[in-house]
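> this one's sequence-less:
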């Protein structure tokens, strides 16, 4: 028997110690006798002692903060009526007027189908609530920081898009400026010949007038004048037509590049026209562009975007691929495969190594930083193909020269 009592005391000591460490007290409502029992820890949580306070159900409920009294009252009534338990977090005001958070658990004991006791545990959770508040404040702080950072990123993204748009417009205007210069150079030749032919016609007219006025106009002279008039007129007509065609081609390409309008066009004819406008750049090194296509390919797309992409590729070939080289060849093969247009661009220039191929579409990447290269041309080409034209562009490995493949839908 002494051993049993010693064990009970040891168990009680452990129970009290655990309550103290966990700040968990116990309580019991005896509905038969109308009494309320608290353990020592429950007294400590309430800042009181058995000598200072004798707990009753009514007075114990009044320890709860006024706004929580209806909640605990309803929980107890429901537990008694339904034999269910409850699990609540509430605020109470201790005997020393400290406002604290507690976790109240309750369960019922039933005898003969009737609840005779309600008992449970009672834990001080102030530390938990403080930690929750810290976490809440930390989360709110993080949310505010994330919101602020998001707004900053949105502004940065908006500025970046605006800058990108300006860069694209600048690159487009630069390409258009190059086109104007190229066409002006190209048009000088037929116009120069036309001026010469006009001058010859003027001389022939003056010679005819003089012979007529001096009565020296013979048949041989007349035949010679007519022959020279025919030759000069033909020369003038051919070169004026060539100049008119150059201007017409320039106008169409310029309108396409500046307006970004979608329209239907035949691809090979359009590229022939475009290459003609780039002839002055190509002629500097006697370079040749060969466009191969086995069938008519009609697109309903944005010719200006295609013109800018091909122009960039050709200019890159001339400036970088054919640097220090003459008689370079650019081959552009067009094919229609499963409702998609394949544009295979390949030159026989210096080409790109593995590192250059991996970075060729990166913004501001250039191998000609100190000779005027901006590093934007191929990046803009990539965005035009992907976003504007709805296609794909890739830089392929090649044993000779630069090799690009572009895939476009027939309509986008």
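Perfect, I can see it now. None of these values were measured; they are calculated from a predicted model. Numbering: from 1, shown residues only.
> what's the distance between the most centrally placed residue in the chain and residue 150?
Among the residues of the chain, the one closest to the centroid is residue 157, at 8.8 Å (CA atoms, centre = their mean). As defined by CB to CB, to the nearest Å, residue 157 lies at a distance of 10 Å from residue 150. (C-beta placed from N, C-alpha, C; glycine too.)
> same thing with residue 123?
Per CB to CB, residue 123 is found 40 Å from residue 150.
> of these two, who's got more company?
A side-by-side neighbour count of residue 123 and residue 150, using other CB atoms under 10 Å, places residue 123 first with 20 against 10.
> helix/strand/coil for the more buried one?
Judged by DSSP: H, G, I helix; E, B strand; the rest coil, the three-state class of residue 123 is strand.
> repeat that for residue 223.
With three-state DSSP as the criterion, residue 223 reads helix.
> how many neighbours does it have?
Other residues near residue 223 come to 10 when the count uses other CB under 10 Å.
> where does the stretch 101-250 of the chain have low pLDDT?
163-189, 242-250 (pLDDT under 70).
> switch to 90 and redo it
105, 112-113, 120-250 (pLDDT under 90).
> which element is the residue nearest to the centre of the chain on?
Using DSSP states H and E, residue 157 sits within helix 126-213.
> equivalent analysis for residue 47, please.
For residue 47, there is no host helix or strand (DSSP H and E).
> one more: residue 393?
Using DSSP H and E, residue 393 sits in strand 392-395.
> buried residues of the following helix or strand past that strand, list them for me.
Proceeding C-terminally, strand 392-395 gives way to strand 403-409 as the next helix or strand, assigned by DSSP H and E. Neighbour-count burial for strand 403-409, with 16 or more other CB atoms under 10 Å as criterion, is recorded at 403-404, 406-408.
> also stretch 119-137?
Neighbour-count burial for stretch 119-137, counted by 16+ other CB under 10 Å, picks out 119-126, 129.
> and for stretch 377-395?
Of the residues in stretch 377-395, those with enough neighbours to count as buried (16+ other CB under 10 Å) are 377-385, 388-389, 391, 393, 395.
> in JSON lines: these, plus secondary structure and pLDDT.
As requested, the buried residues of stretch 377-395 are exported to JSON lines (DSSP: H, G, I helix; E, B strand; the rest coil; pLDDT from 0 to 100):
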{"residue": "377", "secondary structure": "helix", "pLDDT": "78"}
{"residue": "378", "secondary structure": "helix", "pLDDT": "85"}
{"residue": "379", "secondary structure": "helix", "pLDDT": "83"}
{"residue": "380", "secondary structure": "helix", "pLDDT": "82"}
{"residue": "381", "secondary structure": "helix", "pLDDT": "87"}
{"residue": "382", "secondary structure": "helix", "pLDDT": "88"}
{"residue": "383", "secondary structure": "helix", "pLDDT": "86"}
{"residue": "384", "secondary structure": "helix", "pLDDT": "88"}
{"residue": "385", "secondary structure": "helix", "pLDDT": "92"}
{"residue": "388", "secondary structure": "helix", "pLDDT": "87"}
{"residue": "389", "secondary structure": "coil", "pLDDT": "91"}
{"residue": "391", "secondary structure": "coil", "pLDDT": "94"}
{"residue": "393", "secondary structure": "strand", "pLDDT": "94"}
{"residue": "395", "secondary structure": "strand", "pLDDT": "94"}
